[in-house]
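Undergrad: here are the coordinates; sequence isn't available:
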């Protein structure tokens, strides 16, 4: 196949799948090339190192996820309903992943944060930018909800960070127990974290 | 040194430090033995495999952390204050780790959950037991607080899981940004998740 127009895409999508199954450190360039069906020369034509490839995988995965998050969080629904939709889509994505590969693979960004962020500065910075952007997207919705008097938070940035942290923490537990249904609590927990004015039955733990 | 009485302990503590710095997959038995100053024969005298060693590291780390959690959460302070103390100790532990090795290494259990739980069933089960126990310890305090009318949750188990998820999520972000001061929000977020009757200034995002 060699340096065909789709070799780069094959390497990237294969690497993302392999990272989701086995993490980053366990992978070698030879295995990536073999699984992608691409010669090693092609790999080094497109990527100067495994780390450069990991950065590209992160960038492309975030570009796709950012489109989804932006579509939902900048949508027409009322602000808190947009957050609800974000959690429902997260649950659906994790469920689809579990169906296709047998286990919940979790969040690629969270996985690589815990595996790698204290080892390589380039990956740490890339992941910081991604989480900054996630918090920013959530914060804009929280600020809208606050303007409407629907939430009671003083600091919208801290509140958005708490929502993203809760999301990462619950996805971690969903991966551990290989159980996506536990993600259904995200909405109620988000409302509780935001001090939302909500019906009793939606409160945390209800 | 060989099979001296402390070789086993040296292997375990070295492995824990190396996993905190570089994860599990990146480590080899030869490196562990070299860093611990123990011959390879000793390794296989005590552990039948690297996975068996990882399970021992998890067991011993949890035995130590469970003692701390039990001391704090079964202590004499009022229930919600015990949770506050747990978060303060978590922040202090992460800060001490950062001071000794230069970066926040995060939670060993969270790190290995995201790196390994969908790869080896033995490690998944071990980590599930640890998180079950953490949630159980937190739940007993939440139940006490509810009996005193201090929190408004309907399901104490779900509420405890939300608290542990928030803890893992915020420790993930502390590792990513190499910044432990972000952990100071845990108390306010916990109160919000529990629907606690609290002074306004302690609310989420305050």
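TA: Sure thing, it's come through. Here the structure is a predicted model, which means the values were calculated and not measured. Numbers count the residues shown, from 1 in each chain, chains lettered A, B, ... in the order given.

Undergrad: Quick one: end-to-end distance for stretch A:99-112.
TA: Using C-alpha to C-alpha, to the nearest Å, the end-to-end distance of stretch A:99-112 comes out at 22 Å.

Undergrad: Pull out the buried residues from that stretch.
TA: By neighbour count on 16 or more other C-beta atoms under 10 Å in any protein chain shown, the buried set for stretch A:99-112 is A:104-112. For the C-beta atoms, the positions are set from N, CA and C on the backbone; glycine is no exception.

Undergrad: Check which residues of the longest helix along chain A are buried.
TA: Using DSSP state H, we find that the single longest helix of chain A is helix A:121-147. Neighbour counts over helix A:121-147 (16+ other C-beta under 10 Å) mark A:123-124, A:126-128, A:130-131, A:134-135, A:137-146 as buried.

Undergrad: got it, and stretch A:151-168?
TA: A:151-153, A:155-156, A:158-168.

Undergrad: Lowest-confidence member of the buried residues of stretch A:99-112, which is it?
TA: Minimum pLDDT across the buried residues of stretch A:99-112 is recorded for residue A:105, with 92.

Undergrad: If we ignore the residues flanking it in sequence, what's nearest it?
TA: Leaving out its chain neighbours, the residue that sits closest to residue A:105 by C-beta to C-beta, 6 or more residues apart in numbering or on different chains is residue A:20, at 3.9 Å.

Undergrad: what sits up against the helix or strand where that neighbour lies?
TA: Assigned by DSSP states H and E, residue A:20 belongs to helix A:7-22. Applying C-beta atoms under 8 Å, 6 or more residues apart in numbering or on different chains, the contact partners of helix A:7-22 are A:1, A:27, A:31-33, A:35-38, A:42-43, A:46-47, A:53-54, A:56-57, A:60-61, A:97, A:101, A:105-106, A:108, A:111-112, B:25, B:118-119.

Undergrad: number of nearby residues for residue A:187?
TA: For residue A:187, the tally of surrounding residues (other C-beta atoms under 10 Å in any protein chain shown) stands at 20.

Undergrad: Return the set of buried residues in stretch A:17-26.
TA: Those would be A:17-20, A:22-26, for stretch A:17-26 by 16+ other C-beta under 10 Å.

Undergrad: Low-confidence regions, chain A specifically.
TA: Low-confidence segments of chain A, defined by pLDDT under 70: A:1-5, A:198-206.

Undergrad: and stretch A:190-197 with chain B, contact?
TA: Yes. Contact of stretch A:190-197 with chain B (C-beta under 8 Å from any C-beta of the partner chain) involves A:192-195.

Undergrad: Work out the gap between that stretch and the centre of the chain.
TA: Mean-position distance between stretch A:190-197 and its chain equals 22 Å (C-alpha atoms, centre = their mean, to the nearest Å).

Undergrad: Then stretch A:81-96?
TA: The answer for stretch A:81-96 is 11 Å, by C-alpha atoms, centre = their mean.

Undergrad: For it, give me every contacting residue.
TA: Residues from elsewhere that reach stretch A:81-96 (C-beta under 8 Å, 6+ apart): A:68-69, A:72-73, A:75, A:77, A:104-106, A:138, A:141, A:163, A:167, A:171, A:174, A:180, A:183-184, A:186-187, A:190.

Undergrad: again, 7 Å this time
TA: Stretch A:81-96 is touched from outside by A:68-69, A:72-73, A:75, A:77, A:104, A:141, A:167, A:171, A:174, A:180, A:183-184, A:186-187, A:190, with contacts defined as C-beta atoms under 7 Å, 6 or more residues apart in numbering or on different chains.

Undergrad: just stretch A:61-80 next, same as before
TA: With C-beta under 7 Å, 6+ apart as the criterion, stretch A:61-80 contacts A:16, A:82, A:85-86, A:89, A:108, A:130, A:133-134, A:137, A:141, A:144-145, A:148, A:150, A:196.

Undergrad: quick revisit: any chance of the buried residues of stretch A:99-112 in TSV, plus distance to residue A:93 and secondary structure?
TA: Shown next, in TSV, are the buried residues of stretch A:99-112 (distance: C-beta to C-beta, whole Å; DSSP: H, G, I helix; E, B strand; the rest coil):
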residue	distance to residue A:93	secondary structure
A:104	10	coil
A:105	10	coil
A:106	11	coil
A:107	9	coil
A:108	11	helix
A:109	13	helix
A:110	13	helix
A:111	14	helix
A:112	17	helix
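
Undergrad: Nice, that's everything, thank you.
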